[in-house]
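Visitor: Turn this into a structure:
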Amino acid sequence: MERPSAGALSGDTSGALLDDSSWTHLTPWREEVARLDRELRPDLTNLVDLLRRIPVAIWGQLLNAPEEHFGRADLLLPRMPDASLQKEWTGLSGGQLLRQSVAHVNQVLLACAEAGVRPADAKVLDFGVGWGRLAMLWLKYSKPANLTGCDAWESSLEEARQLRVPVELVQSDPLLETLPAPERSLNVVYAFSVFTSFGPQAFASCLAGLARMLKPGGVVVFTVRSPEYWSLRPELEGALREAERAEFYFRPDPGHDQYGNTSVSLGYLDRLCRENGLAQPQLEWAPGDPHQIVVRARRLPQ
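Guide: All right, here's what the predicted structure looks like:
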């Protein structure tokens, strides 16, 4: 289950316009949506081709209310959960969550471009798949057979199944000591709003597991929080001051040793990546989610 992003906590409303789905009826891709509805195969193997001219944000918008835009395809495609579940799991819903999700997917596309990986051919793992919000969007770029979603929470996987997410869904070991995919079998792994909640053992162990599954030249994309995140949590007295002095700062949730809220230093990231055969990570930051940093790191040849 995902945790609220800093964008949600700081009241970011820059995606609010996307909540008005009526604008999709006026767009140049109206005919492409009709073609998708008409020609989609039951096994979704031609979905990538049919989505070629439909922007990923429009694709996500369609999945928020497929019954409004599809007749035949509504029975074949996945769909996003209702707004209340979206907000319960992530702190955002509708257009605001879609805006954040599209930004995450674009970071994975950038990582593919940097690594020389064609998204259509890439073997991809969605680590911490949740209900499948990013996996659904990634179907614009890849056939379902090339994507696996894993999550330590069976309840999350069951929600994804109920929403008809058409990819392999695997329950994963919380510490990734047992891997959900073979070693050196993946081109891309992404994990958004996952490492932001890990304690020190889970953080280090899971990143090591992800690195082991990557082919040389493959890339991992994940998000972390900087110490400034704790400025959003004034009820945690002293947290910001302590986090600014620490390489790794973690406040566990009640009853959980390895799950809560986490911030890390850049030095810690550099060292952990180096220890696991990953290049020095590249970092990105988005004003719409200012306390979540995107990390991209390639697996070095060995």
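Visitor: CA only for contacts and neighbour counts going forward, please
Guide: Fine.
Visitor: Do you have the strands of the protein handy? List them.
Guide: 124-127, 147-151, 168-171, 186-191, 214-224, 248-252, 260-264, 282-285, 293-298 (DSSP state E).
Visitor: The third one pairs with which strands?
Guide: I take that to be strand 168-171. strand 147-151 (parallel) (DSSP bridges).
Visitor: For the spatially most central residue of the chain, give me the backbone phi and psi.
Guide: The centre of the chain sits closest to residue 192, judged by C-alpha atoms, centre = their mean, with a distance of 4.0 Å. In terms of degrees, to the nearest 10, the main-chain angles of residue 192 are phi -100, psi 140.
Visitor: For residue 167, which non-adjacent residue is spatially closest?
Guide: Distances taken as C-alpha to C-alpha, 6 or more residues apart in numbering put residue 144 closest to residue 167, at 5.1 Å, once the chain neighbours are dropped.
Visitor: show me the contacts for the one you found.
Guide: 44-45, 166-167 (C-alpha atoms under 8 Å, 6 or more residues apart in numbering).
Visitor: Determine which two of these are furthest apart.
Guide: Greatest spacing in the contacts of residue 144, by C-alpha to C-alpha: 45 and 167 (11.8 Å).
Visitor: Which of the two has more residues huddled nearby?
Guide: Using other C-alpha atoms under 10 Å as the criterion, residue 45 and residue 167 rank with residue 167 on top: 19 against 14.
Visitor: surely that one meets residue 149?
Guide: Yes - between residue 167 and residue 149 a contact is recorded at 6.9 Å, counting by C-alpha atoms under 8 Å.
Visitor: Residue 28 and residue 49: what is the separation?
Guide: Look at residue 28 and residue 49: by C-alpha to C-alpha, to the nearest Å, they are 17 Å apart.
Visitor: Same drill for these two, tell me which one is more crowded.
Guide: More crowded of residue 28 and residue 49, by other C-alpha under 10 Å: residue 49, with 15 against 11.
Visitor: Quick check, pLDDT for the more buried one.
Guide: Here the pLDDT value assigned to residue 49 is 97.
Visitor: quick one: the helix ranked longest in the chain to strand 214-224, angle?
Guide: Longest helix of the chain, by residue count under DSSP state H: helix 94-115. Angle, helix 94-115 to strand 214-224, by axes from the mean of the first three to the mean of the last three C-alpha atoms, to 10 degrees: 140 degrees.
Visitor: Helix 94-115: which residues count as buried?
Guide: 94-105, 107-109, 111-112, 115 (16 or more other C-alpha atoms under 10 Å).
Visitor: May I have stretch 176-190 as CSV, with CA atoms only?
Guide: Extracted as CSV, the C-alpha positions of stretch 176-190 are listed here (Å, rounded to 0.1, in the frame of the first residue of the first chain):
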residue,chain,number,x,y,z
LEU,A,176,13.7,-9.3,-1.4
GLU,A,177,15.9,-12.1,-0.1
THR,A,178,13.9,-14.3,-2.4
LEU,A,179,13.5,-12.5,-5.8
PRO,A,180,10.3,-12.2,-7.8
ALA,A,181,12.2,-12.5,-11.1
PRO,A,182,15.5,-14.2,-12.0
GLU,A,183,18.8,-12.5,-11.6
ARG,A,184,20.0,-10.4,-14.5
SER,A,185,16.6,-10.8,-16.3
LEU,A,186,15.2,-7.3,-16.3
ASN,A,187,15.9,-4.1,-18.3
VAL,A,188,14.0,-1.8,-16.0
VAL,A,189,12.7,-1.7,-12.4
TYR,A,190,10.7,1.2,-11.0
